[in-house]
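Colleague: Fold the stuff below for me.
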Amino acid sequence: MDMAVVELSRLQFALTAMYHFLFVPLTLGLSFMLVIMESIYVITGRPIWRVITRFWGRLFGINFVLGVATGLTMEFEFGTNWAYYAHYVGDIFGAPLAIEGLMAFFLEATMVGLMFFGWDKLSRVQHLGVTFLTALGTNLSALWILIANGWMQNPVGAVFNPETMRMEVTDFKAVLFNPVAQAKFVHTVSAGYVCAATFVVGVSAWYLLQGKWTNVARRSMMVAAAFGLASSLSVVVLGDESGYTLTDNQKMKLAAIEAMWQTEPAPAGLTVFGLPDVATRQTRFAIRVPYVLGLIATRSLSGQVTGIDDLVLKADERIRHGIVAYDAVEKLKVNRFDPAARATFERYKDDIGFALLLKRYVADPRQASNDQILHAAADTVPNVPVVFWLFRVMAGFGFALIAFFATAFWLASTHRLSTRWFLRLALVAMPLPWLAIEAGWMLAEIGRQPWAVDGVLPTFLGASSLTVPQVWTTIIGFTALYGALAVIEVRLMLASIGKGPIEHAHDHDVHGHDSVDGLAPLPAE
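Modeller: Numbering: from 1, shown residues only. Predicted structure coming up:
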């Protein structure tokens, strides 16, 4: 396999996935914020909450359309750029994607139409039910996608079949309730809620600074402040749970995040700051907090977090076991009833993926030299400095957003949301959740390398048989298309925000005060 094609295919998928993920978090969070806002409308009957719900629903709709448009292309990339991956693990990976389309996407796609066009056709309670189902479908989509991604991080409930030369499902329940997938889902969804809350606070702050739509802005900001505070706290708590799952399922990623080269006596300390040096296998200028990593990773003072060097030695052992399994598979190809080969395969089948790492250096893993085995074992270490800093960027922004929403909630509780320094801060804070989310996504995927499916299929084996010019053509095409979509998205969002929460000319008087459904302007608060 041409490694240039592999790296370019990774680049293409990263660009499309990161671009798509700009829209997903906002969709996840806004959908349930609409449920909250419309619930207040149904309970109180006050027309202003109908206006608030429809305004943020319009922004949700713009974002939803762009999210769908960018997400569809990604599923086709598995067939075009990652054909062997799709062949090798498609039985497992394809099932959650199919269920997502049948169960979740059809639900949200149907209900989103009723949500937008059913305001005058449905009762208040019926329309609220539609809005809730839209939010449910949106979040179920995320669940099934993250079940698929979680299986790539922790491939449970499946085994390699030497007769078909593919991975096959043995326990679909284990795939569904994969602990890594569940932890990723709740953590990712909570991050999306934070993203939407920050967006609502930021737009509302802009209105308050401009003195426009102040009644809508204040009410929106109060909802977003409470929703954002609860969500930002959840992100940290659920992120801790994600760290705990790494201890059993992705030890190398955990060690790389902490740049922990050697196994330390329990309980290990947490490195707050440092400069990982790959050459010397040390972290220079490290500032550490004792015991914290051990508590997070093992929930105890006695549990040990394994270092990178020891994990490389373990990988070396598993590669050698995998070679034995690979040899057994070759014998089973000749005689599938060979009892000795079958017994050997059953004993070492869990390590056959590690033998495939050798295909980067030699066509037949059984012919690998000791040096090649050592190189393959060293390949199991991801880019430590990149993973180390991605985690700290993500976590740093996460804690900053907790402080931001705590301040917002306090100001809302004391009726001081118009404090100008906070309103300016809200505008500056708007990009932070997106930066944290993108950093988290890169952390999850880069930290898994060199695996497409951890311990099962190396990334370089999963790519299609393409040429460098072919991949460059699609990268340039996607960049141009997505660049145009970005311009459209930004212009539509800015135009809708600039128009404000009005639907008819008589909904806004010459003084810029709010009015609702042709009623008199609402008094400024």
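Colleague: all strands of this structure, in order?
Modeller: Applying DSSP state E to the chain gives strands spanning 158-161, 166-169, 270-277, 282-289, 451-453, 457-458.
Colleague: Identify all contacting residues around the lowest-mean-pLDDT helix or strand in the chain.
Modeller: None of the helices or strands of the chain scores lower by mean pLDDT, DSSP states H and E than helix 292-298, at a mean of 78. For helix 292-298, contacts defined as C-beta atoms under 8 Å, 6 or more residues apart in numbering pick out 240, 243-244, 246-247, 254, 258, 260, 266-271, 300-301, 303-305. (Each C-beta comes from the backbone N, C-alpha and C, glycine too.)
Colleague: a markdown table please, covering the strands of the chain and showing mean pLDDT, mean neighbour count and distance to Leu176.
Modeller: Conversion of these to a markdown table gives the following (pLDDT from 0 to 100; neighbours: other C-beta atoms under 10 Å; distance: least, C-beta to C-beta, whole Å):
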| stretch | mean pLDDT | mean neighbour count | distance to Leu176 |
| --- | --- | --- | --- |
| strand 158-161 | 92 | 18 | 12 |
| strand 166-169 | 93 | 16 | 11 |
| strand 270-277 | 88 | 16 | 32 |
| strand 282-289 | 86 | 13 | 36 |
| strand 451-453 | 94 | 24 | 17 |
| strand 457-458 | 96 | 22 | 21 |
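Colleague: how about those strands in TSV, adding distance to Glu445?
Modeller: Shown next, in TSV, are the strands of the chain (distance: least, C-beta to C-beta, whole Å):
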stretch	distance to Glu445
strand 158-161	20
strand 166-169	20
strand 270-277	19
strand 282-289	23
strand 451-453	10
strand 457-458	14
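Colleague: so which of the ones you listed comes closest to Ala148?
Modeller: strand 451-453 (10.7 Å; C-beta to C-beta).
Colleague: Can you tell me what sits against the closest one?
Modeller: Counting by C-beta under 8 Å, 6+ apart, 82, 85, 89, 151-152, 155, 167, 353, 457-459, 461-462 sit against strand 451-453.
Colleague: Off-centre distance for that strand?
Modeller: Distance of strand 451-453 from its chain centroid, counting by C-alpha atoms, centre = their mean, to the nearest Å, is 16 Å.
Colleague: pLDDT at Ala439, what is it?
Modeller: What the model reports as pLDDT for Ala439 is 94.
Colleague: hang on, the earlier thing: which one of the strands of the chain lies closest to Ala104?
Modeller: Judging the strands of the chain by C-beta to C-beta, what sits closest to Ala104 is strand 166-169, at 20.1 Å.
Colleague: where does the stretch 101-250 of the chain dip in pLDDT?
Modeller: 240, 244 (pLDDT under 70).
Colleague: Quick check: Leu425 vs Ala408, distance?
Modeller: Per C-beta to C-beta, to the nearest Å, Leu425 is found 9 Å from Ala408.
Colleague: more neighbours, those two?
Modeller: Between Leu425 and Ala408, counted using other C-beta atoms under 10 Å, the more crowded position is Ala408 (26 against 16).
Colleague: Pop the domain breakdown of this protein in here.
Modeller: 3-247+411-507, 308-378 (automatic domain parsing).
Colleague: Filter the contacts of helix 292-298 down to the buried ones, PyMOL style.
Modeller: A single PyMOL command selects the buried members of these (16 or more other C-beta atoms under 10 Å):
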select buried, resi 243+244+246+247+254+258+260+266+267+268+269+270+271+304+305
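Colleague: circling back to that earlier point, can you check which of the strands of the chain gets nearest to Ala444?
Modeller: Taking C-beta to C-beta, strand 451-453 is the member of these nearest to Ala444, at 12.1 Å.
Colleague: That closest one pairs with which strands, parallel or anti?
Modeller: Using DSSP bridges, strand 451-453 pairs in its sheet with strand 457-458 (antiparallel).
Colleague: what distance separates the start and the end of stretch 349-358?
Modeller: 16 Å (C-alpha to C-alpha, to the nearest Å).
Colleague: List the buried residues for that stretch?
Modeller: Lys349, Asp350, Asp351, Ile352, Gly353, Phe354, Ala355, Leu356, Leu357, Leu358.
Colleague: Ok, stretch 136-144 next?
Modeller: Neighbour count says stretch 136-144 has Leu136, Gly137, Thr138, Asn139, Leu140, Ser141, Ala142, Leu143, Trp144 buried, by 16+ other C-beta under 10 Å.
Colleague: any idea how far Glu75 is from the third one?
Modeller: This means Thr138. Thr138 is 17 Å from Glu75, by C-beta to C-beta.
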